[in-house]
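J.: Output the structure for:
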Amino acid sequence: MSLLCTACGHKGPPLPPLVRIPSAPAELTAARRGDIVELRFSVPTTNTDGSRPANLERVDVYAFTGPDVRDEELLKREPTVASVPVKAPRDPDATVEPEESPEDLDPLEGAGLDQGATARVEEKLTAASLVPFDVAKKKTRKPTTTRRKARGWIRAAWHTCTKR
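T.: Okay, the predicted model is just below:
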């Protein structure tokens, strides 16, 4: 009787699959001119591990007026100011490492900005947008037609949405 076993040769438990997370947008600037706030940033071209193209299909911009809160609390309040569509890779797992040439990659697809392009988001401040969030409340607000915007975009955060 014979028994044949195969393995990868590494000791330890199996590792979870690698998820490519896009880098944060670069060159982020915010400017307030009267009641208009303008935000500019470069759309990510790489993932956090340096591979490219970035695994994203849009960049969401969040803002609110109030004290510093954890990201989970911020996202519960849904203070989305804008969503910038970005051309995404056809296959998010088809990437090249930083030192490799991207010649064999499929072109990015979809509507939106090219990766590496400068995005511009402009928002008009209203009286309602200057009222701070009450972070002590446990209830979530009912959706309204006017969203709360940041006072001078005190806190501007981004959320890169990956394609899966």
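J.: which stretches of this structure have low pLDDT?
T.: Residue ranges of the chain with pLDDT under 70: 1-10, 135-164.
J.: Let's see that with 90 instead.
T.: For the chain, applying pLDDT under 90 flags the ranges 1-21, 26, 48-52, 54-56, 60-82, 88-111, 123-164.
J.: All the helices of this protein, residue numbers only.
T.: Along the chain, the segments classed as helices by DSSP state H run 71-76.
J.: As a check, name the ranges of all strands in it.
T.: Using DSSP state E, the strands of the chain run over residues 26-33, 36-42, 58-64, 80-85, 118-124, 155-161.
J.: ok, and which of the ones you listed has the densest surroundings?
T.: strand 58-64 (a mean of 22; mean count of other CB atoms under 10 Å). To be clear about C-beta, it is placed using only N, CA and C from the backbone, and glycine gets the same treatment.
J.: quick one, that strand and strand 26-33 angle?
T.: 40 degrees (axes from the mean of the first three to the mean of the last three CA atoms, to 10 degrees).
J.: Partner strands of strand 58-64 and their direction?
T.: strand 80-85 (antiparallel), strand 155-161 (antiparallel) (DSSP bridges).
J.: Run a quick neighbour tally on Ser129.
T.: 21 (other CB atoms under 10 Å).
J.: cool, and Leu15?
T.: Leu15 has 7 nearby residues by other CB under 10 Å.
J.: quick one: it from Asp49, how far?
T.: Between Leu15 and Asp49 the computed distance is 14 Å (CB to CB, to the nearest Å).
J.: so what's Phe133 closest to, chain neighbours aside?
T.: Gly66 (4.0 Å; CB to CB, 6 or more residues apart in numbering).
J.: er, Gly50 I mean
T.: Pro98 (4.3 Å).
J.: ok so, going back, quick check: the residue nearest to Phe133 touching Ser129?
T.: No: at 11.4 Å, Gly66 does not count as touching Ser129 under the criterion of CB atoms under 8 Å.
J.: Now for Ala94: which residues touch it?
T.: By CB atoms under 8 Å, 6 or more residues apart in numbering, the residues touching Ala94 are 105-106.
J.: no no, Val43
T.: Val43 touches 25, 54, 59, 84, 86, 113-119, counting by CB under 8 Å, 6+ apart.
J.: can you do 7 Å?
T.: Counting by CB atoms under 7 Å, 6 or more residues apart in numbering, Val43 touches 25, 59, 86, 113, 115-117, 119.
J.: tally of neighbours for the residue nearest to Phe133?
T.: 19.
J.: picking that back up, would TSV of the strands of the chain with distance to Leu108 be doable?
T.: Below are those laid out as TSV (distance: least, CB to CB, whole Å):
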stretch	distance to Leu108
strand 26-33	18
strand 36-42	15
strand 58-64	13
strand 80-85	12
strand 118-124	15
strand 155-161	15
